[in-house]
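[1] I'd like to go over a predicted model; first the sequence, then the structure.
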Amino acid sequence: MSSKLIDQGVAVREQEQFDVAAVDAWIKQKRPDIEGEPSVTQFPGGASNWTYRLHYANADLILRRPPAGTKAKSAHNMQREHDLQLMLKPHFAKVPTMFGYCSDSSLIGTDFYVMERIRGIIPRKNLPREVNLSPQQVRTLCTNMLDQLIALHQVDYQHAGLDAIGKGEGYVTRQVEGWCGRYAKAKTWNVPSGKKIMRWLRANLPKEERLCLTHNDFRFDNLILDPQDPTNILAVLDWELATIGDPLVELGNLLAYWVQADDDRVAKATRRQPSHLPGMLTRDEVIDYYCQKMGLNNVDMTFYQVFGLFRLSVIAQQIYYRYYHKQTSNPAFKNFWFVVHYLHRRCRKLMKQGRRPA
């Protein structure tokens, strides 16, 4: 399969360059067998931490660091992200192998960590043109993705030593209150108040809370697919939001991004992953597959789907807030206020159709 399918990175943005020589010296101190000087490129995707590729003659590595000017270290905790993956690797094989964490900010102005680069395809809005999967292969890709989510949710996080990465009980309440507060802070005059949805979420908190290790941003574009068999998932990326949370909240968040083939024009216009392809499971089929594999019976997903859509509306509104206040001039964000209206309409529709979770 063509190497063009593989994410190679692009030239490093001028304002996001770093002292390559200092990092090179740190890497070779840990691994004297690494040869030559690194060729450095940057991956343009993602809106949080900055990600670079360091390609050596006999090694291929990824460097992750916080964006410049970061004040809230808790939001870009490199050591937490590194250590979590290091500890999880023996229990969940789809985590990249960690190379090392550097706490010395004198090297590039911040701490960072380095991990192995996994060569593969990252499925974004559309699969690469050269990747032609039959409906059966698409279904296999879809179920393989869900199987990885299920495997993650079945990890014994206490045995893995990861119980301290989250606050534990009360997760769902904290999520609802946190995202309601973020919406209030980011609200502009041209979006709904959201009060009805927020009241409904608070009134319909599930009576039962399940806790497991959650990724918290589990989507197709955080996967790496095998170039030789794109239905095979090589790795799961971007663990910065992982915590101890409720698996059904994570499933609801995943479904909020899940635009299927028979959705309306607005949904299709906002699609960011290839969940529309012939052979993909519908949202209802995703729920049925997940619950069956997890041994969950009679689960009403209404609350979790409403929360997932509301959470996504807050993310969209936070981005629009930055555009509205001229903190960014990206024209792609100009109409995000309309997306917020649309997502709230879907929330209200689900609220009207659904029943209170058991």
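    Great, that's in hand. Numbers count the residues shown, from 1 in each chain.

[2] what distance do you get for residue 120 to residue 133?
    Separation of residue 120 from residue 133 (C-beta to C-beta, to the nearest Å): 15 Å. The C-beta positions use only the backbone N, C-alpha and C, and glycine is treated the same way.

[3] what helix or strand is residue 231 on?
    Here residue 231, judged by DSSP states H and E, is contained in no helix and no strand.

[4] what pLDDT does it get?
    You'll see residue 231 listed with a pLDDT of 97.

[5] quick one, phi psi at residue 63?
    In terms of degrees, to the nearest 10, the main-chain angles of residue 63 are phi -110, psi 130.

[6] how close does residue 110 get to residue 19?
    Residue 110 sits 11 Å away from residue 19, going by C-beta to C-beta.

[7] quick one: the strands in the stretch 201-350 of the chain?
    Applying DSSP state E, counting those that start in this stretch to the stretch 201-350 of the chain gives strands spanning 212-214, 223-225, 233-236, 243-245.

[8] and residue 99, helix, strand or coil?
    Secondary structure state of residue 99, per DSSP: H, G, I helix; E, B strand; the rest coil, is strand.

[9] my guess is it contacts residue 116, does it?
    Yes. Using C-beta atoms under 8 Å, residue 99 is in contact with residue 116, at 6.5 Å.

[10] residues shared between the contacts of these two?
    Applying C-beta atoms under 8 Å, 6 or more residues apart in numbering, one finds that residue 99 and residue 116 are jointly contacted by residue 61.

[11] just want to know which of the two has more residues nearby.
    Taking neighbours as other C-beta atoms under 10 Å, residue 99 and residue 116 compare with residue 99 leading, 20 against 14.

[12] find the nearest non-adjacent residue to the more buried one, please.
    Nearest residue to residue 99 in three dimensions, chain neighbours excluded: residue 114, at 4.1 Å (C-beta to C-beta, 6 or more residues apart in numbering).

[13] and the one you found, helix, strand or coil?
    strand.

[14] what sits against it?
    Residue 114 is in contact with 23, 27, 54, 61, 62, 63, 64, 98, 99, 100, 102, counting by C-beta under 8 Å, 6+ apart.

[15] which two among those residues are spaced furthest apart?
    Greatest spatial distance among the contacts of residue 114 (C-beta to C-beta): 23 and 98, at 15.6 Å.

[16] out of those two, which sits in the busier spot?
    Set residue 23 next to residue 98 and count neighbours by other C-beta under 10 Å: residue 23 wins out with 22 against 19.
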